[in-house]
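Chemist: coords please:
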Amino acid sequence: MVLEHERHALSCGATVLTRPLESNDIVVVRALTPMGPIYETDGEAGLCSLTQAVLTRGTQQRSASEMQDALADLGSDIDASTGSDLGSVSMRATAATWERTLDLYIETLTAPAFDPREVETEIEQTLGALEAREDQLLARATDLFREVFYGDHPLHKRVLGYSHTVATFDRERVATCARTFYRPFPPIIVAVGRFDPEVLLARLETAFGTTPIVPPTPRPAPPEPRPGKQRLELDREAAYLMHGFPAPNWRDLDYPVARVLDAILGGSMSSRLFIELREKQALGYQVSSIYSDQLDGSFLAGYIVTDPGRADQAARGLAEQFRRVVEEPVEEEEILAARRYLRGSYLIGAETNSAQAMRLGRHEGYGLGQDFGARWLTAIEAVTPEAVQALARRWFDREPTCAYVVPRGAPDF
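Modeler: Take a look at the predicted model:
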């Protein structure tokens with residue numbers, strides 16, 4: 001499904017994508033810029049995430065509380081976030097309040113305060129979130145997997161960073177980060193909902209002026225995925241195991257096949273990992289797959305949460321399911337079920353204005369083309385058992401990357 005839209009260019013060089021809708025009264029405007037862990041050094045881990053969080057905490061004209069009061073009066077909100085390589089600042093309003101909210105949104109983008117007190121507050125909250133993450137064992141296993149898989153490539157880092165790095169940040173580091181990635185404005189702006197595109201474009205043109213946007217920081221070279229096994233012992237009662245391999249990125253011709261295989265392995269309660277490891281062998285409480293598909297450095301991994309006494313058997317079970325797709329063609333019925341699952345998930349994933357804005361912005365930001373989703377959805381119709389096996393042989397017939405989070409003193413395996 002291609003989301004119909006119009007493309008515009010501001011004098012400063014920013015691209016604006018507009019998608020007026022009459023189906024609801026919500027208006028979403030989302031600005032995107034390349035930023036995140038892939039552009040950070042190890043000593044800067046978490047700086048982009050912190051900068052995005054503080055960006056919405058007041059401007060040079062309004063304190064954080066004054067901004068929140070103004071948004072509350074309008075029934076609107078403004079938030080910001082970052083992923084591994086793309087940051088987003090969005091506003092959500094109604095058709096009746098979007099123009100007044102847009103004024104606050106532009107103020108947030110063009111005149112952030114980065115109040116030292118707000119920076120300190122966000123640092124404390126981030127440190128609290130990182131401490132809470134210590135108890136999220138699946139997240140710990142995923143972090144460990146990424147550290148092994150990516151090695152010293154920037155993608156190994158958590159988006160939130162680490163306690164020892166976040167604790168060193170201050171107002172100047174945050175302001176410098178904003179100047180680095182907002183050059184001086186986001187290069188991509190997307191609007192979806194019940195709004196007047198001419199009003200939006202005029203407001204943005206006036207706000208951003210004609211100062212050319214500086215080209216973004218060059219993207220680092222793709223990572224060289226690393227095999228290997230790493231084990232982390234904690235004072236916990238369950239074992240969390242991950243077993244995976246490199247996988248096709250968005251531009252790889254095998255990408256549609258990889259989406260089908262991921263759905264077959266772990267996409268639902270009828271997936272292979274769930275049926276074979278949980279239902280038939282009772283090896284785990286939770287089992288599924290993770291396809292971290294991205295511009296480069298993608299991986300496909302299976303994970304299982306199990307009793308420590310059965311961790312060895314569960315690890316062998318994960319390995320066996322990956323070997324199985326290398327050695328045996330999948331069933332045609334599995335492919336049909338995977339197609340239904342993927343089509344439904346894709347359509348449901350674009351139900352809201354916010355999701356549509358994000359999809360338009362991501363496809364633009366990564367240079368994938370706005371028909372990217374339609375292309376791979378069409379391509380999965382041609383996926384055969386032979387194509388799935390060929391992909392598995394290409395990507396999985398090698399030493400895996402494994403990450404095990406186990407109770408302290410658990411037997412080695």
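
Chemist: Would you mind listing where the chain has pLDDT under the threshold?
Modeler: Residues of the chain meeting the criterion pLDDT under 70: none.

Chemist: care to break it down by domain?
Modeler: 6-208, 228-407 (automatic domain parsing).

Chemist: These into CSV, with extra columns for mean neighbour count and distance to residue 219?
Modeler: C-beta: built from backbone N, CA, C; applies to glycine. Formatted as CSV, these follow (neighbours: other C-beta atoms under 10 Å; distance: least, C-beta to C-beta, whole Å):
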stretch, mean neighbour count, distance to residue 219
domain 6-208, 19, 7
domain 228-407, 18, 8
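
Chemist: So which of the ones you listed is nearest residue 215?
Modeler: Residue 215 lies closest to domain 6-208 among the domains of the chain, at 7.7 Å (C-beta to C-beta).

Chemist: quick revisit: next, format the domains of the chain as CSV and append distance to residue 222.
Modeler: Shown next, in CSV, are the domains of the chain (distance: least, C-beta to C-beta, whole Å):
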stretch, distance to residue 222
domain 6-208, 8
domain 228-407, 4
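
Chemist: show me where the chain has strands.
Modeler: Secondary structure of the chain (DSSP state E): strands at 6-9, 15-20, 26-34, 77-82, 86-94, 188-193, 228-234, 239-246, 286-292, 299-306, 401-407.

Chemist: right, so of these, which gets closest to residue 334?
Modeler: Nearest of the strands of the chain to residue 334, taken as C-beta to C-beta: strand 286-292 at 13.5 Å.

Chemist: what comes into contact with that closest one?
Modeler: 138, 142, 242, 244, 247, 258-259, 262, 265-267, 271, 273-274, 277-278, 298-305 (C-beta atoms under 8 Å, 6 or more residues apart in numbering).

Chemist: Tell me where the stretch 301-413 of the chain has helices.
Modeler: For the stretch 301-413 of the chain, the helices defined by DSSP state H, counting those that start in this stretch occupy 311-327, 332-348, 353-365, 372-379, 385-396.

Chemist: Save those helices as TSV, and put in distance to residue 227 too.
Modeler: Output for these, formatted as TSV (distance: least, C-beta to C-beta, whole Å):
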stretch	distance to residue 227
helix 311-327	13
helix 332-348	27
helix 353-365	30
helix 372-379	27
helix 385-396	11
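
Chemist: For the residue nearest the centre of the chain, which non-adjacent residue is closest in space?
Modeler: The centroid of the chain falls nearest to residue 83 when counting by C-alpha atoms, centre = their mean (4.9 Å). Nearest residue to residue 83, sequence neighbours excluded (C-beta to C-beta, 6 or more residues apart in numbering): residue 36, at 5.7 Å.

Chemist: what does residue 293 give?
Modeler: residue 250 (6.4 Å).

Chemist: dump the residue contacts of that neighbour.
Modeler: By C-beta under 8 Å, 6+ apart, the neighbours of residue 250 are 293-295, 298, 366, 368, 372.
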